[in-house]
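S.K.: What follows is a predicted structure for the sequence shown.
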Amino acid sequence: MGQSPCLSESFKTHMKNGKMRAVGVLPGKRVVSLVSHPAPEIASASQVKIRTIEVGICGTDREICSFAYGTPPDGSEFLVLGHEALGEVVEVGASASQFKVGDLVVPSVRRPCPHRACSPCQSDRQDFCFTGDFTERGIKMTHGFLTEYFVDEERHLNLVPSELRDVGVLVEPLTVAEKALAQVFQVQQRLPWENLTAGKGKGYGKTAVVLGAGPVGILGCMTLLVNGFTTFVYSRSPAPNPKSDLVNSLGAKYISAQTVPLGRFAAEVGPVDLVYEAAGVAQISFDVMKLLALNGIFVFTGIPAEKPAIPIDADCLMRDLVLKNQVIIGTVNADRPAFEGAIRDLGVFKRRWPEALGSLITGRYPIEAFEDLLLDKGAGIKSVITLE
Ligand code: BGC
Ligand code: ZN
């Protein structure tokens with residue numbers, strides 16, 4: 001192919017048998033197991049080979065392991081799991097000039113659909129694919145990163161500074177908040193909403209509520225705080241608990257939905273300018289939607305499992321949406337600016353909350369621990385599989 005691959009020493013020694021361990025999901029057999037997977041090779045000059053350092057486990061992975069969704073690539077019995085990865089470049093194709101051996105990278109998740117008429121996919125905005133024929137690494141029809149090495153096109157990789165090695169695995173889950181907030185500020189440009197006082201943050205003077213205190217919620221909370229929002233986290237577990245302690249230590253306020261009912265919560269927070277939903281639960285979301293202020297905006301990021309229909313206060317919500325100029329948006333996946341924003345903000349978080357940021361990663365495990373991490377509900381905040 002004309003490329004001049006440069007292999008690092010560790011990679012050469014490892015590659016002797018040409019096979020790698022991977023965590024595979026076999027939907028046909030309803031099995032999740034360690035599989036032996038051929039080590040990937042660079043197949044074109046624009047590709048990069050990466051040694052996986054860490055892979056984060058999230059609710060999406062657990063859903064895939066319950067066979068709710070997740071599709072292997074055509075012709076494969078299994079899907080290699082994993083879409084939240086941090087890796088180190090071990091080989092670069094001749095034209096992959098942005099990267100060099102030893103660089104830390106985080107790959108994006110979604111790959112464009114093949115249709116020329118899909119303008120988002122044709123313009124690197126596959127997060128807005130129109131056809132639904134996109135693929136997602138570790139989720140839909142393309143193997144993921146929960147294995148020892150992977151190859152990708154350089155345009156799907158994002159450079160991570162070496163100072164962020166210990167927290168780089170949080171980049172992908174942070175892109176959820178980055179893309180959400182970018183859209184919030186974009187949508188709210190329809191009116192003078194943003195704070196313009198220099199040095200205070202665009203959300204200064206506004207109230208935000210985060211629903212849920214999982215990794216996406218807590219990373220969202222951090223993002224809102226650095227943007228100046230007065231931030232509350234409304235989540236099920238009674239306080240105090242490790243998540244409430246963490247949230248309060250950031251300068252936000254944790255309130256338990258189990259012990260503080262909606263009415264009291266409403267009285268405490270007042271009108272809410274922004275709701276960032278990261279709980280994946282409809283009932284609490286539509287209840288809290290009623291607290292939206294004039295010109296308020298509600299962002300859904302959760303993906304609830306299928307359940308029976310629930311009653312919601314639809315007329316009240318509809319009346320408010322109209323009379324209060326409110327907006328509801330759903331957001332999935334992320335574009336390159338969201339990855340770049342996440343990498344930048346992780347640096348900001350690390351300077352502002354060095355201990356709290358690291359404490360989001362509550363466990364690091366070897367690949368053999370996959371069953372406990374994927375088939376159980378998940379303890380702690382963010383569990384990570386370490387491959388080196
Ligand atoms: C991933 C997204 C993906 C979504 C739906 C999430 O867990 O972070 O990248 O688009 O699942 O598959
Ligand atoms: Zn995820």
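M.R.: Looks like it arrived, so ask away. On a predicted model such as this, the values are computed, not experimentally measured, just so you know. Numbering: from 1, shown residues only. Ligands and ions are numbered 1, 2, ... in the order given.
S.K.: who's in contact with the residue of the chain found nearest ligand 2?
M.R.: Here the chain gets closest to ligand 2 at one residue, Cys58, 3.5 Å apart by CB to the ion. No exception for glycine: its C-beta is placed from N, CA and C like everyone else's. With contact set as CB atoms under 8 Å, 6 or more residues apart in numbering, Cys58 has these partners: 84, 173, 215-216, 382.
S.K.: Phi first, then psi, for Val233.
M.R.: phi -120, psi 120 (degrees, to the nearest 10).
S.K.: List the beta-bridge partners for it.
M.R.: Counting by DSSP bridges, Val233 is bridged to Val210, Tyr254.
S.K.: Ligand 1 contacts on the stretch 201-350 of the chain?
M.R.: 332-333 (CB under 6 Å from any ligand atom).
S.K.: now the helices for the stretch 201-350 of the chain?
M.R.: Assigned by DSSP state H, counting those that start in this stretch, the stretch 201-350 of the chain shows helices spanning 215-226, 242-250, 262-269, 282-289, 314-323, 336-352.
S.K.: Can you list the neighbours in contact with the following helix or strand past the longest one?
M.R.: To tie it back to what came earlier, the one meant is helix 336-352. Downstream of helix 336-352, the first helix or strand assigned by DSSP states H and E is helix 354-359. For helix 354-359, contacts defined as CB under 8 Å, 6+ apart pick out 166-167, 170, 222, 246, 249-250, 346, 349-350, 381.
S.K.: Let me know the average pLDDT across helix 354-359.
M.R.: For helix 354-359, the mean pLDDT works out to 96.
S.K.: After it, heading C-terminal, what element do we hit next?
M.R.: With elements assigned by DSSP H and E, the helix or strand that comes after helix 354-359 is strand 361-365.
S.K.: helices or strands up against that next one?
M.R.: Other helices and strands packing on strand 361-365, by 3 or more CB pairs under 8 Å, 6 or more residues apart in numbering; DSSP states H and E, are strand 382-386.
S.K.: how about the strand it packs on against ligand 2, any contact?
M.R.: No: using CB under 5 Å from the ion, strand 382-386 never reaches ligand 2; the gap is at least 10.2 Å.
S.K.: What strands flank that strand, and is each parallel or antiparallel?
M.R.: According to DSSP bridges, strand 382-386 has the following sheet partners: strand 47-56 (antiparallel), strand 361-365 (parallel).
S.K.: returning to what we had before: Throw the contacts of helix 354-359 into CSV and include distance to ligand 2, thanks.
M.R.: Listed next are the contacts of helix 354-359 as CSV, based on distance: CB to the ion, whole Å:
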residue, distance to ligand 2
Asp166, 19
Val167, 16
Leu170, 11
Met222, 17
Leu246, 20
Ser249, 25
Leu250, 22
Leu346, 16
Phe349, 18
Lys350, 21
Ile381, 14
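S.K.: Buried subset of the residues you listed, written for ChimeraX?
M.R.: To isolate the buried subset of the contacts of helix 354-359 in ChimeraX, counting by 16 or more other CB atoms under 10 Å, use the following:
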select :167,170,222,246,250,346,349,350,381
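S.K.: Which one of the contacts of helix 354-359 is nearest to Val260?
M.R.: Closest to Val260 out of these is Leu246 (18.2 Å), distances taken as CB to CB.
S.K.: Which pLDDT value goes with that closest one?
M.R.: With respect to pLDDT, Leu246 has a value of 98.
S.K.: picking that back up, who wins for proximity to Lys307 among the strands paired with strand 382-386?
M.R.: strand 47-56 (26.0 Å).
S.K.: any residue of the closest one up close to ligand 2?
M.R.: No: judged by CB under 5 Å from the ion, strand 47-56 stays clear of ligand 2, getting no closer than 7.0 Å.
S.K.: Now do that strand, average pLDDT.
M.R.: 98.
S.K.: cool, stretch 154-162 as well?
M.R.: The pLDDT scores in stretch 154-162 average 98.
S.K.: Check stretch 216-231 too.
M.R.: With pLDDT averaged residue by residue, stretch 216-231 scores 98.
S.K.: and the helices of the stretch 201-350 of the chain, which is most packed in?
M.R.: Mean neighbour counts were compared across these using mean count of other CB atoms under 10 Å; the top stretch is helix 215-226, at a mean of 26.
S.K.: If you count contacts, what does that helix end up packed against?
M.R.: Counting contacts by 3+ CB pairs under 8 Å, 6+ apart, helix 215-226 packs against helix 171-187, strand 207-211, strand 230-235, helix 242-250, strand 272-277, helix 336-352.
S.K.: could you measure the closest residue to Asp124 other than its chain neighbours against Ile312, distance?
M.R.: Leaving aside its sequence neighbours, Asp124 sits nearest to Arg336 (CB to CB, 6 or more residues apart in numbering; 6.6 Å). To Ile312, Arg336 is 36 Å away according to CB to CB, to the nearest Å.
S.K.: Just the pLDDT for the residue nearest to Asp124.
M.R.: According to the prediction, Arg336 has pLDDT 98.
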